[in-house]
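Enquirer: here is a sequence with its predicted model. Questions after.
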Amino acid sequence: MNAPGPATLSIVNALIFDGTSPDLTEGCVRVAGGVITEVGGRPGEADLVIDARGRTVIPGLIDAHFHAYGAHLSSLEIEAGSMSYLALAGARRLAAALGRGFTTVRDVAGGDAGLARALAERLIPAPRYLFTGRALSQTGGHGDPRPPDLDFCTHGGMCEVVDGADAMRRAVRERFRQGAHAIKIMTSGGVMSPADPIRVPQYSAGEIAAVADEAARRGSYVAAHAYSPEAIVHSVENGVRSIEHGNLLDPPAAALMAERGAFLVPTLATYDAMARRGAGLGLGAVGLAKNLEVLDSGRRAIEIARRAGVRIGFGTDLMGALEDEQLQGLRLQAEVEGPLAVLRSATSANAELLGRDDIGRIAPGAAGDLIVVDGNPLEDPSVLWAGPGRRTVIQGGAPVAAG
């Protein structure tokens, strides 16, 4: 179990990025009882003082597209494997993410009440954890792992095949009963799935609208795996708020997203990593070809979305051994938009997406989730994806052990 942190913490002599402003301030950040109490004032007495001279304090990072149970690159191995193994592997994946500075993750496709309870009881070190439960997939959709020539049952570690509006309503209600933060659905084909073209929209309008209606009445929202403009429009028109990936986005679809207030959560890290390492990890020819189709277009999608006024978050979607590429997602998105934009995306923009005003910012009343990085990330963004020796991660006012 995690040891309790200091009652009070002061980070002194720091540059401070508050989550939104392009202007870094100098001063002190004080945390008491896990909550930020003062920013920019004079240092006072504290149980723990960190001298951050020459360093910058930023909010703890948020990965809005994470998979605790994504222990394998193969969705078939995940869906047919042992849940006890997935839970243990998920604990390790969560601890590693926290060590990199991701103090909050949104698990879109996986997670459950048992894992959430273990984290709430501090049985393992982990980020703040918001889960959707198993993603909903139509028969033969992105979350259906069965190859065309095989038919068998899976228990569903990350996805559940559900067809029909009434069945989907029941599935949504069950997820909220178990404490889900939001609902995830698959509305287009995907790189890893064996039987579905990437561009073809999935689920009927009535099915998507039923899910969105149930989520809205619970004060929540729907996130949709969607690549193509057709699938993005189909999703947003029927109530989806968070478009995951969106690599093939075009200007008309982006305009609709902006009009409806939908977010784009890019996941550039996974395509870059699969292009370099996928074949060596057993990704088949079909998956490699699909990945190539969406790799370069993911960067263009961010540019199109920004021009249209779409709010842009940050996610990684890394499966199996590729999880160690998580920080490289910051590099890839910074190459498109620059360090300020990616910092906002991975902090305050993601917090807005999650509906949380207590994370993703440095201000009195916010959680004491912070990272102290070497230098100034707006001048040298490489410090954002540097190794653990060049950052101090703080969760709830307590430094996190490197590992």
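Expert: Great, that's in hand.

Enquirer: low-confidence ranges in the protein?
Expert: 1-5, 145-156, 191-196, 402-403 (pLDDT under 70).

Enquirer: hmm, 90 instead?
Expert: 1-7, 40-45, 70-84, 139-159, 189-200, 274-275, 278-296, 387-390, 401-403 (pLDDT under 90).

Enquirer: in contact with the residue lying farthest from the centre of it, which residues are there?
Expert: In the chain, the residue that sits farthest from the middle, by CA atoms, centre = their mean, is residue 45; the gap is 36.1 Å. Neighbour list for residue 45: 8, 10 [criterion: CB atoms under 8 Å, 6 or more residues apart in numbering]. The C-beta positions use only the backbone N, C-alpha and C, and glycine is treated the same way.

Enquirer: secondary structure class for it?
Expert: Put simply, residue 45 is coil when judged by DSSP: H, G, I helix; E, B strand; the rest coil.

Enquirer: that one and residue 367, how far apart?
Expert: To residue 367, residue 45 is 22 Å away according to CB to CB, to the nearest Å.

Enquirer: residue 320 too?
Expert: As judged by CB to CB, residue 320 and residue 367 stand 30 Å apart.

Enquirer: nearest residue to residue 362 in space, please, no chain neighbours.
Expert: residue 18 (4.6 Å; CB to CB, 6 or more residues apart in numbering).

Enquirer: contacts only, for the one you found.
Expert: Applying CB under 8 Å, 6+ apart, we find residue 18 in contact with 25, 39, 59, 361, 362, 363.

Enquirer: then residue 346?
Expert: With contacts defined as CB under 8 Å, 6+ apart, residue 346 is in contact with 61, 62, 63, 313, 314, 330.

Enquirer: want to throw the residues you listed into JSON lines with neighbour count, secondary structure and distance to residue 279?
Expert: Shown next, in JSON lines, are the contacts of residue 346 (neighbours: other CB atoms under 10 Å; DSSP: H, G, I helix; E, B strand; the rest coil; distance: CB to CB, whole Å):
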{"residue": "61", "neighbour count": "29", "secondary structure": "strand", "distance to residue 279": "29"}
{"residue": "62", "neighbour count": "30", "secondary structure": "strand", "distance to residue 279": "31"}
{"residue": "63", "neighbour count": "29", "secondary structure": "strand", "distance to residue 279": "25"}
{"residue": "313", "neighbour count": "29", "secondary structure": "coil", "distance to residue 279": "29"}
{"residue": "314", "neighbour count": "28", "secondary structure": "coil", "distance to residue 279": "27"}
{"residue": "330", "neighbour count": "26", "secondary structure": "helix", "distance to residue 279": "25"}
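
Enquirer: check the residues you listed and tell me the two furthest apart.
Expert: 313 and 330 (12.6 Å; CB to CB).
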